[in-house]
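Q: Need coordinates for the following:
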Amino acid sequence: MSRIYLQREHGLDRKTLRRRAEALAKQLQSEYGGNYRWEGDTVHYNYSGGIDARLTLQDNDILVDVKLGVLMLMLKGALTREIGRYLEEHLG
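A: Numbers count the residues shown, from 1 in each chain. Predicted structure coming up:
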């Protein structure tokens, strides 16, 4: 198992940040399947093909922690870049 861990600062209010995180979770579910759920200020996304991810919303930053299963290891670099780009464009 491998991990992707990213932390990005943001300047958004809580309501906007949560709305955008919810939109991301819905988009992932729509495009790739899997399931998501909220636990406090953390959205959990799980895809049975080998992704277990958490996006934690904090006052000044966003924490992303993704566990990749064996089948997803070869995509780690591309996934890391895509997650970083998405955070910068939509949540940063």
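
Q: Could you find the closest non-adjacent residue to the residue positioned nearest the centre of the chain?
A: Centroid-nearest residue in the chain: residue 55, 4.7 Å away (criterion: C-alpha atoms, centre = their mean). Computed as C-beta to C-beta, 6 or more residues apart in numbering, the closest residue to residue 55 that is not its neighbour in sequence is residue 43, at 4.9 Å. C-beta: built from backbone N, CA, C; applies to glycine.

Q: and that neighbour, what are its bridge partners?
A: Counting by DSSP bridges, residue 43 forms beta bridges with residue 38, residue 55.

Q: Helices of the protein, start to end?
A: In the chain, the helices defined using DSSP state H lie at 14-32, 76-86.

Q: The residue nearest to residue 49 when sequence neighbours are not counted - how many residues pack around it?
A: The shortest distance from residue 49 to any non-neighbouring residue, by C-beta to C-beta, 6+ apart, is to residue 71 (6.0 Å). By the criterion of other C-beta atoms under 10 Å, residue 71 has 10 neighbours.

Q: isn't residue 71 right up against residue 50?
A: Yes. Between residue 71 and residue 50 a contact is recorded at 4.4 Å, counting by C-beta atoms under 8 Å.

Q: Show me the shaky parts of the protein.
A: Residues of the chain meeting the criterion pLDDT under 70: 92.
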